[in-house]
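In: Build the 3D model from these lines:
(2 chains)
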Amino acid sequence: MKRTKIVTGVIILAIAVLFFILSFSYGYYTRFGPGSGFFPIWINGGLIILATLFIIESIREAPGASTETYPKGKALANILATIGSLVVFSLLVPLMGFVVPCTIMLSIMLIFHYKWYIAIPAAVVSSILILVVFQSLLGLRLPVNQFNW
Amino acid sequence: MESITSLLSGFATALNGWNILYCVIGVTVGMLVGILPGLGPVTAIALLLPITFKLEATSAIIMLAGIYYGSMYGGTVTSVLINVPGEAASVVTCFDGYAMAKQGRAGVALGVAAIGSFIGGTVAVIGLTLIGPPLAQLALGFGPQEFFAIMVLGLALLMGLIGKSVIRGMLSAFIGLSLALIGMDPMTGMLRFTFNEPNLMEGLDFTTLAMGLFGISEVMLGYEASGVSVPVKAINKLLPERHEWKPTMGAIGRGTVLGFFLGLIPGANSVIASVLSYSFEKKIAKDPSRFGKGAIEGVAGPETANNSFSGAAMIPLFTLGIPTSPTVAILFGAFIMHGLTPGPALFQSNPDLVWGIIASMYIGNVVLLIFNLPMARFWAKITQVPESIMYPAIVAISVVGAYSVSGSLFQVGVMIISGIVGYFFKKVDIPLAPLVLTFVLGRLMESTLAQSMIYFEGNFFLFFTRPISGTVLAIAILVIVFSFVSVIKGKRDRLASDTEI
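Out: Predicted coordinates for the structure are as follows:
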């Protein structure tokens, strides 16, 4: 986990440096008062210092100090399936509307726990139910196709 | 007297057919959220926030507030029956609640917790009724300098109290502030950090961010932690023995007072309320060795304190417009989403809304008492909902909610990235609570600071020449200094790194 902490710190530091540099292009002070860059310069400057301290703290951490572990086996598969299903959903929605991508997304998540002949029908019914409840009853916008599903 | 009249008109609003229905829906969802491990009030309110788009503001906030205080009741059920806290504030209830359940007294533990929660929650709402209007009146005299100083104090307390490292708390807070800067500058209208992406012109959406940070990351962590299911203990008698009433009521009284005062402090949270109450009960007990083995005060005190806290935490929101905990920050987001600005002027500009919400909290607490005493056995069955059903449901609701924010898949993308970021932050012990609070308050902090700097003609140190802003900022600096000193001396208590989640 120590390496993950250091990598996280470095990513935060890199973003903070980018934002800090960009902040100067917004103007620090105007004749009326603080400019658009005033707050960002201080905040991102502070973020650079804190990210650096976090990296140092992580480097100095004793081995085995963290109780956190990386997921393995079934847990890892479930996590990847969750993220993967969301990505697949986002890619398919512009092509197919809501119901089919939602069915695929839920099927990917359910297939690890139930037989396919239970998981897929459950995903189909749930997707249609979500469409009816959220779009028709609650009036929310859903990414539907030209047939309104 | 004026408060009582306003409260009565609030009851007229809250008892309106639809509002009472939304109140019951809110507390029911809150109970469910509290009971289901892995799903906390922050996640639930963030998930349901987009669904309230079409509702009237009063109904929406009555429902969302109901989820908040309802979850505090619900968390007890799993702590007592299966030794798994349903939400973070009920962690300490496991110690004695589950021990009581093993002795065949699960019903008494749940009964005492329900009575304590009702008393704590109701007293806190009475406090809100009585303290709210005069405090709001006082806050009307505050300038941007005072508001900025109070926000800084809240963040200092939050960073000082939460998590395993002050550096990580501050890092999280600064990330939240930095993310809040994306979009249009509130003072000049200039676009910042948008990278020519039209979807970022209005800034990152709070609901989407919260759904990712809490909902999606919680699903990922939940899959990792999913373990063996524990058999549910039987529920029998719900009320304590005659000789147990006196210590129970004493613990309830102390929990009420402690939770209430902690609720008023920006940066505190319900976990601190329940942990402190437990420690206090143990410290004053004649025989502290009973604790952990089924001491009734170990259930009554903390459960009362966390409910008293959640009611009292509404006071800074209504009177100052400052959220003090992550869940209240999401409620703050709900106000903004419905075109309302929480703060001192709300009592004058929207009295029907404010008093309607306050009255609904009295009603909600009564409904929850009924849910938890005669219906305790019913809720016990819900603890067995499998994660394999719950997690896909959370993901599907998150996707629908994120898309509905602006009708764009961009928001779904933001939610996925926030989920991954939230997962890794939890892994590396960066608390999410400061990030959410600063993200909500970022723009307000920037505009109050800018207004103050214009007023002070660029001299920041003039903050210290005004009695309120000077004192509050000095306290904030002391809190940060003491937090660092406690780290250096190795005396820092390890409270839950993320609370109310």
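In: just for chain A, where's the confidence low?
Out: A:65-68 (pLDDT under 70).
In: show me where it has strands.
Out: Ranges of strands in chain A, per DSSP state E, are A:29-30, A:33-34.
In: May I see the buried residues of stretch B:374-393?
Out: Neighbour-count burial for stretch B:374-393, counted by 16 or more other CB atoms under 10 Å in any protein chain shown, picks out B:Ala376, B:Trp379, B:Ala380, B:Thr383, B:Glu387, B:Ser388, B:Met390, B:Tyr391, B:Pro392, B:Ala393. Where you see a C-beta, it was placed from the backbone N, CA and C, and this is true even at glycine.
In: Put together JSON lines for those, with secondary structure, distance to chain A and pLDDT on each row.
Out: Output for those, formatted as JSON lines (DSSP: H, G, I helix; E, B strand; the rest coil; distance: CB to the nearest CB, whole Å; pLDDT from 0 to 100):
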{"residue": "B:Ala376", "secondary structure": "helix", "distance to chain A": "29", "pLDDT": "77"}
{"residue": "B:Trp379", "secondary structure": "helix", "distance to chain A": "24", "pLDDT": "79"}
{"residue": "B:Ala380", "secondary structure": "helix", "distance to chain A": "24", "pLDDT": "76"}
{"residue": "B:Thr383", "secondary structure": "coil", "distance to chain A": "18", "pLDDT": "71"}
{"residue": "B:Glu387", "secondary structure": "helix", "distance to chain A": "9", "pLDDT": "81"}
{"residue": "B:Ser388", "secondary structure": "helix", "distance to chain A": "4", "pLDDT": "86"}
{"residue": "B:Met390", "secondary structure": "helix", "distance to chain A": "11", "pLDDT": "85"}
{"residue": "B:Tyr391", "secondary structure": "helix", "distance to chain A": "7", "pLDDT": "88"}
{"residue": "B:Pro392", "secondary structure": "helix", "distance to chain A": "4", "pLDDT": "91"}
{"residue": "B:Ala393", "secondary structure": "helix", "distance to chain A": "8", "pLDDT": "88"}
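In: could you list every residue that touches the most centrally placed residue in chain A?
Out: Residue closest to the average C-alpha location in chain A (CA atoms, centre = their mean): A:Ile83, at 8.6 Å. The contact partners of A:Ile83, by CB atoms under 8 Å, 6 or more residues apart in numbering or on different chains, come to B:Met220, B:Ile416, B:Gly419, B:Ile420.
In: For B:Ile417, see how far away it is.
Out: 10 Å (CB to CB, to the nearest Å).
In: how many neighbours does residue 108 have?
Out: Here I'm looking at chain A. If you count neighbours by other CB atoms under 10 Å in any protein chain shown, A:Ile108 ends up with 20.
In: actually it's chain B I care about, not the one you picked
Out: The number of residues packed near B:Val108 is 26, by other CB under 10 Å.
In: wait, doesn't it sit right on B:Trp245?
Out: No: if you go by CB atoms under 8 Å, B:Val108 and B:Trp245 don't touch, sitting 11.3 Å apart.
In: Quickly list what's touching both of the two.
Out: Counting by CB under 8 Å, 6+ apart, nothing touches both B:Val108 and B:Trp245.
In: Nearest residue to A:Leu92 in space, please, no chain neighbours.
Out: Among residues not flanking A:Leu92 along the chain, A:Pro101 sits closest, at 3.9 Å (CB to CB, 6 or more residues apart in numbering or on different chains).
In: What residues does that neighbour make contact with?
Out: Each residue near A:Pro101 by CB under 8 Å, 6+ apart is listed here: A:Val88, A:Phe89, A:Leu92, A:Val93.
In: So it versus A:Ser107, what's the distance?
Out: According to CB to CB, A:Pro101 stands 11 Å off from A:Ser107.
In: Show the end-to-end separation of stretch B:283-291, please.
Out: From its first residue to its last, stretch B:283-291 covers 10 Å (CA to CA, to the nearest Å).
In: Could you give me the buried positions within it?
Out: Quick answer for stretch B:283-291 (16+ other CB under 10 Å): B:Ala285, B:Arg290, B:Phe291.
In: Go through the residues you listed and name the one nearest chain A.
Out: Taking CB to the nearest CB as the measure, chain A lies nearest B:Phe291 of the buried residues of stretch B:283-291, at 24.9 Å.
In: wait, the closest one sits on B:Pro302?
Out: No: between B:Phe291 and B:Pro302 there is no contact under CB under 8 Å: 11.1 Å.
In: tell me which residues in the helix or strand hosting B:Ala273 are buried?
Out: Element membership for B:Ala273, per DSSP states H and E: helix B:270-284. For helix B:270-284, the buried set under the neighbour-count rule, 16+ other CB under 10 Å, comprises B:Ser270, B:Val271, B:Ile272, B:Ala273, B:Ser274, B:Val275, B:Leu276, B:Ser277, B:Tyr278, B:Phe280, B:Glu281, B:Lys282.
In: Same list as before, those that is, but in CSV and with distance to B:Gly364 and pLDDT included.
Out: As requested, those are exported to CSV (distance: CB to CB, whole Å; pLDDT from 0 to 100):
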residue, distance to B:Gly364, pLDDT
B:Ser270, 16, 81
B:Val271, 22, 79
B:Ile272, 23, 79
B:Ala273, 19, 86
B:Ser274, 20, 88
B:Val275, 25, 83
B:Leu276, 25, 85
B:Ser277, 22, 91
B:Tyr278, 25, 90
B:Phe280, 27, 88
B:Glu281, 26, 91
B:Lys282, 31, 87
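In: farthest-separated two in these?
Out: Of all pairs drawn from the buried residues of helix B:270-284, the greatest distance, 18.7 Å, lies between B:Ser270 and B:Lys282 (CB to CB).
In: Give the burial count for residue 71, as a bare number.
Out: Looking at chain A here, since you left the chain open. Neighbour count for A:Pro71, taken as other CB under 10 Å: 18.
In: actually chain B
Out: The tally of other residues near B:Ser71 (other CB under 10 Å) stands at 34.
In: can you pull the contacts of it?
Out: The contact partners of B:Ser71, taken as CB under 8 Å, 6+ apart, are B:Gly30, B:Met31, B:Val33, B:Gly34, B:Gly40, B:Pro41, B:Ala44, B:Gly86, B:Glu87.
In: give me the element the second one is part of.
Out: In this structure, B:Met31 sits in helix B:17-35 according to DSSP H and E.
In: Whatever helix or strand comes next after that helix and chain A, any residue contact?
Out: Per DSSP H and E, the first helix or strand lying C-terminal to helix B:17-35 is helix B:41-48. No: Helix B:41-48 does not reach chain A (CB under 8 Å from any CB of the partner chain); its nearest approach is 10.4 Å.
In: Does anything pack onto helix B:41-48? Which helices or strands?
Out: Packed against helix B:41-48 by the contact rule (3 or more CB pairs under 8 Å, 6 or more residues apart in numbering or on different chains; DSSP states H and E) you find helix B:17-35, helix B:57-82, helix B:206-210, helix B:326-337, helix B:387-406.
In: Could you say which of those is packed most deeply?
Out: Of the helices and strands packed on helix B:41-48, the one with the most neighbours on average (mean count of other CB atoms under 10 Å in any protein chain shown) is helix B:57-82, at a mean of 29.
In: what angle separates the helix or strand hosting B:Thr304 from helix B:326-337?
Out: Per DSSP H and E, B:Thr304 falls inside helix B:297-312. Between helix B:297-312 and helix B:326-337, the angle comes out at 20 degrees (axes from the mean of the first three to the mean of the last three CA atoms, to 10 degrees).
In: pLDDT weak spots in chain B?
Out: Counting by pLDDT under 70, chain B shows low-confidence ranges at B:1, B:37-38, B:86, B:161-164, B:226-233, B:267, B:490-501.
In: Okay, strands next: where are they in it?
Out: Along chain B, counting by DSSP E, strands occupy B:183-184, B:191-192.
In: And the residue lying closest to A:Glu61 once chain neighbours are set aside, how close does it get to A:Ile55?
Out: Among residues not flanking A:Glu61 along the chain, A:Lys2 sits closest, at 5.7 Å (CB to CB, 6+ apart). The spacing between A:Lys2 and A:Ile55, counted by CB to CB, is 11 Å.
In: if I pick the residue lying closest to B:Pro50 once chain neighbours are set aside, what's in contact with it?
Out: Of all residues not flanking B:Pro50 in the chain, B:Gly401 sits nearest, at 3.9 Å (CB to CB, 6+ apart). Going by CB under 8 Å, 6+ apart, B:Gly401 touches B:Ala46, B:Leu47, B:Leu48, B:Leu49, B:Pro50, B:Ile51, B:Thr207, B:Met211.
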